[in-house]
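Visitor: predicted model, plus sequence, below.
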Amino acid sequence: SSFIMTLFSLIRFVEQALPQVSVERSNRQMHSSWYGKVEKAHRYAAEPAERITFQGFAVEFRGDNDTYRVTLQDGTWHCTCHFFAGWGRCCHTMALEEVLRGMLRESDAVSGAAPREVLMP
């Protein structure tokens with residue numbers, strides 16, 4: 001997902017920047033701490049389903065026909081597309097469910113009232 005790719009990009013940036021930082025004695029402890037944090041970030045990023053649970057968010061979703069705002073707040077999905085207004089579920093919310101599989105609370109894992117097995121085998 002783009003979230004994980006952004007996290008990896010940040011980690012690579014930190015890894016590349018660290019050798020360029022001054023190696024004064026007072027900064028050596030800081031370097032050691034940063035390396036430990038980078039290592040921990042790699043470990044966390046490798047276990048997203050075990051480490052990350054989204055409780056709410058808002059995204060801009062660029063569909064084929066328009067750009068929509070999709071939110072998950074307090075266990076309720078919403079999308080600004082016309083299909084969602086009638087069905088309580090749409091391709092945008094289903095795509096996010098797929099991207100975030102394992103990182104959503106069980107109660108948030110399926111938007112709308114339509115059975116998941118019908119819409120997402």
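Guide: Received the coordinates, thanks. Numbering: from 1, shown residues only.
Visitor: so where do the strands sit in this protein?
Guide: 56-62, 67-73, 76-79 (DSSP state E).
Visitor: now do residue 79 against residue 44, distance only.
Guide: Separation of residue 79 from residue 44 (CB to CB, to the nearest Å): 29 Å. From N, CA and C alone the C-beta is placed, and that goes for glycine too.
Visitor: quick one, which of the two is more surrounded?
Guide: The residue with the greater number of neighbours, taking residue 79 and residue 44 and applying other CB atoms under 10 Å, is residue 79; the counts read 26 against 14.
Visitor: give me the number of residues near residue 57?
Guide: Neighbourhood size, residue 57 [other CB under 10 Å]: 12.
Visitor: before we move on, what about residue 45?
Guide: For residue 45, the number of neighbouring residues by other CB under 10 Å comes to 17.
Visitor: and the pLDDT for it?
Guide: Among the per-residue scores, residue 45 holds a pLDDT of 86.
Visitor: run through the protein and note the low-pLDDT ranges.
Guide: Along the chain, the parts satisfying pLDDT under 70 run over 1-31, 107-121.
Visitor: hang on, the earlier thing: turn the strands of the chain into JSON lines, columns for distance to residue 99.
Guide: Supplementary listing: those in JSON lines, determined by distance: least, CB to CB, whole Å:
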{"stretch": "strand 56-62", "distance to residue 99": "10"}
{"stretch": "strand 67-73", "distance to residue 99": "11"}
{"stretch": "strand 76-79", "distance to residue 99": "13"}
